[in-house]
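> structure here, sequence nowhere to be found:
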């Protein structure tokens, strides 16, 4: 089953979903899940019985063993991506960021720039020793 939610606004950061069954007297929570758009790969976020809340969903026999939820995103900007350095982000995307978010991006970039990444031999030693 697919449900399309047409949203004409840009979403970014933490997004929280709550799926409910609409009943006659009250709505019953089916499951909930959250995703941060910075960690979405190839515009798809996939959730299984084991990765949604509440934990009892994973043990509930009413849920099919292959239960999954896929959330599909589309790029809001054809030029920018989360991998870009802040200086490379277009003016339109920068203007949508709040000042605190922009400051956080610069802090993250500074941390990454100062990180001493291992070369191949060091990586092998770190992974296999």
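That came in fine, so what should we check first? Predicted model only: the values in this text are computed from it and were never measured. Numbering: from 1, shown residues only.

> can you give me the end-to-end span of stretch 18-38?
Using C-alpha to C-alpha, to the nearest Å, one end of stretch 18-38 lies 20 Å from the other.

> residue ranges with poor pLDDT in the protein?
1-2, 7-9, 82 (pLDDT under 70).

> show residues contacting the longest helix along it.
With secondary structure taken from DSSP state H, the chain has its longest helix at helix 99-114. Contacts with helix 99-114, where a contact means C-beta atoms under 8 Å, 6 or more residues apart in numbering, come from 13, 85-86, 94, 97. In short, each C-beta sits where N, CA and C put it, glycine included.

> residue contacts, residue 55?
By C-beta under 8 Å, 6+ apart, residue 55 has no neighbours at all.

> any idea how far residue 76 is from it?
33 Å (C-beta to C-beta, to the nearest Å).

> same check on residue 120?
For residue 120, the distance to residue 76 - C-beta to C-beta - is 36 Å.

> which of the two has more residues huddled nearby?
When neighbours are counted by other C-beta atoms under 10 Å, residue 120 and residue 76 differ, and residue 76 comes out ahead with 14 against 7.

> next, the residue lying closest to residue 47 once chain neighbours are set aside: secondary structure please.
Spatially, and ignoring its direct neighbours in sequence, residue 47 is nearest to residue 69 (4.4 Å; C-beta to C-beta, 6 or more residues apart in numbering). Residue 69 falls in the strand class when you classify it by DSSP: H, G, I helix; E, B strand; the rest coil.
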